[in-house]
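Trainee: Provide a 3D model corresponding to the input given below.
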Amino acid sequence: MKNLPSYFANNFIEWGELEGIEITHLKLQKLLYLFFARFYFLSKGTEILFEELPVKWNNGPVFESVYQNFKNHGKEPVVLYRDGDNVARKATSQNNANFRQAFWDVVRWHGNKAPYDLSDLTHGEKTRPYITAWEKAENNCALSLADICEDGRSFFEQV
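Mentor: Here you go, the predicted structure:
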């Protein structure tokens, strides 16, 4: 089974359902980016969650396949992604401590935030002591892994 970004997205959708937290497409993209960045940081830049890198779009870092799979939801809460076999698969930790820590770091630090607060974090106009990976990238281009790694640290520090 390929590690599709939408399988990882299903983890956040299921978490939101269990916690009574509405997950919209916008919020899903932000949580998934934070997860990708945090995991990469925790692995010290040696492992990525999946091959697809986030791309700089006007609305922040976007995983294009996740956009395609969830765009029909608009601003409504998303539902679990089902693959061609109509199965709602989730990514599993496969006994990976960084996977588990990254997921729980994201939901603890950022899971209750509104989608637009998450947008401010990843690419908003807020004054912050660092420049995000999104800000450094060219439009419609993949974000650099080195910059993503820095986001994986910066977005989880107490300010």
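
Trainee: any idea how far the spatially most central residue of the chain lies from Phe50?
Mentor: The residue lying closest to the centre of the chain (Cα atoms, centre = their mean) is Leu32, at 1.4 Å. Leu32 sits at a distance of 10 Å from Phe50 (criterion: Cβ to Cβ, to the nearest Å). The C-beta positions use only the backbone N, C-alpha and C, and glycine is treated the same way.

Trainee: Over to Tyr130?
Mentor: Here Tyr130 is placed at a distance of 25 Å from Phe50 (Cβ to Cβ).

Trainee: One more: Pro61?
Mentor: Distance of Pro61 to Phe50, given as Cβ to Cβ: 14 Å.

Trainee: and those two? which has more neighbours close in?
Mentor: Comparing Pro61 with Phe50 by neighbour count (other Cβ atoms under 10 Å), the higher total belongs to Pro61, at 26 against 17.

Trainee: Spatially nearest residue to the more buried one (excluding sequence neighbours)?
Mentor: Distances taken as Cβ to Cβ, 6 or more residues apart in numbering put Pro54 closest to Pro61, at 3.8 Å, once the chain neighbours are dropped.

Trainee: before we move on, the earlier item: which residue, other than its chain neighbours, is closest to the residue nearest to the centre of the chain?
Mentor: Distances taken as Cβ to Cβ, 6+ apart place Ala9 nearest to Leu32, at 5.4 Å, with adjacent residues excluded.

Trainee: Now do the same contact list for that neighbour.
Mentor: By Cβ atoms under 8 Å, 6 or more residues apart in numbering, Ala9 lies in contact with Leu28, Leu32, Val66, Asn69, Phe70, Val78, Tyr81.

Trainee: if we can go back for a sec, what's the overlap in contacts for Leu32 and Phe50?
Mentor: Shared contacts of Leu32 and Phe50 (Cβ under 8 Å, 6+ apart): Pro5, Phe8.

Trainee: Quick check: the gap between Ala142 and Cys149.
Mentor: The value you get for Ala142 to Cys149, if Cβ to Cβ is used, is 14 Å.
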